[in-house]
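J.: generate a structure from the sequence data that follows.
(one chain, ligands or ions: 2)
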Amino acid sequence: MTLRIAITPGEPAGIGPDLLLQLAQQQWQAQLVVIADKDLLKERAQLLGLNIELIDFDESAPAAIAPAGSVYIHQVDLGTAVKLGELDDLNGQYVLDTLRIASEKNMDGTFDAVVTGPVHKGIINKAGISFSGHTEYFAQQSGTSDVVMMLATQGLRVALVTTHIPLAYVSRAITQERLTKVIGILNHDLQTKFGIEQPKILVCGLNPHAGEDGHLGTEEIETITPTLELLNSQGMNLIGPLPADTLFQDKYLSQADAVLAMYHDQGLPVLKYKGFGNSVNITLGLPFIRTSVDHGTALDLAGTGDAEVGSFELAIREAIKLAHEKAQNQ
Ligand SMILES: NC(=O)c1ccc[n+]([C@@H]2O[C@H](COP(=O)([O-])OP(=O)(O)OC[C@H]3O[C@@H](n4cnc5c(N)ncnc54)[C@H](O)[C@@H]3O)[C@@H](O)[C@H]2O)c1
Ligand SMILES: N[C@H](C(=O)O)[C@H](O)COP(=O)(O)O
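T.: Ligands and ions are numbered 1, 2, ... in the order given. Okay, here's the model as predicted:
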């Protein structure tokens with residue numbers, strides 16, 4: 001069975017289109033369908049000195065693998081011409097349209113997964129569209145109340161309790177209800193997507209030194225510990241809350257399957273320090289498979305040919321792998 005994978009290259013002025021074009025130089029064991037503007041890709045290919053054949057995607061035809069140097073395309077028109085490395089809010093709706101189509105066509109079964117390139121959250125908001133990230137957008141589009149952002153690199157998986165919210169809101173977002181849902185999704189997906197029978201999850205505290213017995217904050221005592229105790233009594237293997245500054249050591253990590261961080265910049269800097277360029281972002285709990293890159297739009301590198309393809313390549317490989325497993329288990 002040939003799988004169909006949707007790819008959204010993301011912000012048109014950034015490196016997403018470049019990376020997609022570089023990756024289309026190889027043959028993939030799935031039908032990759034780029035949701036983007038043809039002229040954008042043709043112009044960027046010319047700039048990078050890459051040959052590319054863009055094949056119109058016909059969803060009524062059987063899925064087919066494109067030869068190296070070609071890729072299927074689902075046309076979406078840009079809002080305005082792109083200037084390399086320069087954000088333009090007139091293309092905010094274009095970016096969102098590519099994501100909406102990817103979401104709808106994953107929900108209706110046209111695609112088996114979606115891989116997203118980097119978008120610029122700020123310029124989408126400047127275009128008048130409230131947007132905090134793909135994770136939240138796909139959750140909303142698919143009517144899913146709770147999803148989990150997890151980034152993975154060799155030897156480390158980091159999932160987050162809260163994602164793209166201001167630091168000032170984090171404490172009140174960490175409720176027993178949210179923790180229970182996030183841990184439930186993480187535990188379930190580690191079992192079903194990653195084949196780990198009894199996942200061992202290290203859970204960070206929120207405060208310095210996990211609250212130091214309540215002297216440096218009380219969220220651990222009031223919310224995190226009771227939740228972990230309850231879930232452990234139901235059979236999970238959760239360790240914590242642990243001080244986040246010292247848990248990221250091999251002696252703990254080598255014994256665990258994932259770390260659960262309370263907020264974005266508690267967990268992701270560690271993950272990215274270990275594996276920037278070789279990590280993949282996976283949304284857990286969605287009704288479809290979604291992976292993404294570990295980096296942003298890198299406007300400084302657009303059109304230079306200097307952007308590294310590693311994370312985008314890994315994101316496509318992981319999506320194909322997860323989609324194969326899902327198809328086999330159906
Ligand atoms: N998946 C996503 O959509 C995603 C992920 C992270 C950040 N972002 C967004 O990207 C925008 C820019 O964020 P930022 O500047 O913090 O991060 P960034 O990743 O765009 O850039 C940080 C640094 O890393 C370098 N870099 C990034 N990707 C690279 C690659 N593939 N190869 C070589 N070098 C690379 C850049 O040149 C820059 O020096 C923000 O709007 C942010 O929200 C989006
Ligand atoms: N938090 C992600 C990161 O730091 O890599 C990034 O902003 C992308 O998030 P979404 O996949 O939700 O857009």
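
J.: need phi/psi at the residue of the stretch 201-330 of the chain found nearest ligand 2.
T.: Closest residue of the stretch 201-330 of the chain to ligand 2, Cβ to the nearest ligand atom: Ser292 (4.7 Å). For glycine as for every other residue, the C-beta is placed from the backbone atoms N, C-alpha and C. The phi/psi pair for Ser292 (degrees, to the nearest 10) reads phi -160, psi 170.

J.: can you get me a residue count around it?
T.: Other residues within reach of Ser292, judged by other Cβ atoms under 10 Å, total 28.

J.: please see if stretch 256-274 touches ligand 2.
T.: Yes. On the criterion Cβ under 6 Å from any ligand atom, stretch 256-274 is in touch with ligand 2 at His264, Leu268.

J.: quick one: neighbours of Gln46, just the number.
T.: Residues near Gln46, counting by other Cβ under 10 Å: 12.

J.: so it is in which element?
T.: helix 38-48 (DSSP states H and E).

J.: which residues does the residue most central in space within the chain contact?
T.: The C-alpha lying nearest the average C-alpha coordinate of the chain belongs to Asn281 (Cα atoms, centre = their mean; 3.4 Å). Going by Cβ atoms under 8 Å, 6 or more residues apart in numbering, Asn281 touches Met149, Met150, Leu151, Thr291, Ser292, Val293, Asp294, Ala315.

J.: near ligand 1, list only the ones from those residues.
T.: Among the contacts of Asn281, ligand 1 is touched by Ser292, Val293 when using Cβ under 6 Å from any ligand atom.

J.: what pLDDT does the residue lying farthest from the centre of the chain get?
T.: The C-alpha centroid of the chain is most remote from His215, which lies 35.9 Å away (Cα atoms, centre = their mean). Here the pLDDT value assigned to His215 is 98.

J.: picking up where we left off before, what's the closest of the contacts of Asn281 to His324?
T.: Ranked by distance to His324 (Cβ to Cβ), the contacts of Asn281 are led by Thr291 at 13.2 Å.

J.: is the closest one located within a strand, as I assumed?
T.: Yes. Read with DSSP: H, G, I helix; E, B strand; the rest coil, Thr291 is one of the residues of a strand.

J.: how close does it sit to Gly217?
T.: 34 Å (Cβ to Cβ, to the nearest Å).

J.: ok, Gly117 next?
T.: Gly117 is 38 Å from Gly217, by Cβ to Cβ.

J.: which of those two has more neighbours?
T.: Between Gly117 and Gly217, counted using other Cβ under 10 Å, the more crowded position is Gly117 (29 against 17).

J.: could you list the buried residues of the helix holding Gln46?
T.: Lys38, Leu40, Leu41, Glu43, Arg44, Ala45, Leu47 (16 or more other Cβ atoms under 10 Å).

J.: does ligand 1 sit close to that helix?
T.: No. Applying Cβ under 6 Å from any ligand atom, one finds helix 38-48 out of contact with ligand 1, separated by at least 13.9 Å.

J.: quick one, what contacts the closest residue to Thr135 other than its chain neighbours?
T.: Once flanking residues are discounted, Thr135 sits nearest to Met149: 4.8 Å by Cβ to Cβ, 6 or more residues apart in numbering. With contact taken as Cβ under 8 Å, 6+ apart, Met149 is in contact with Gly133, Thr135, Ala159, Leu160, Thr163, Asn281, Thr283, Leu284.

J.: now, which of those lie close to ligand 2?
T.: Gly133, Thr135, Asn281.

J.: can you put those in a markdown table and add distance to Ala127 and pLDDT?
T.: Shown next, in a markdown table, are the ones next to ligand 2 among the contacts of Met149 (distance: Cβ to Cβ, whole Å; pLDDT from 0 to 100):
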| residue | distance to Ala127 | pLDDT |
| --- | --- | --- |
| Gly133 | 15 | 98 |
| Thr135 | 19 | 98 |
| Asn281 | 23 | 98 |
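
J.: Ser311 is in what secondary structure piece?
T.: Ser311 belongs to helix 310-328, assigned by DSSP H and E.
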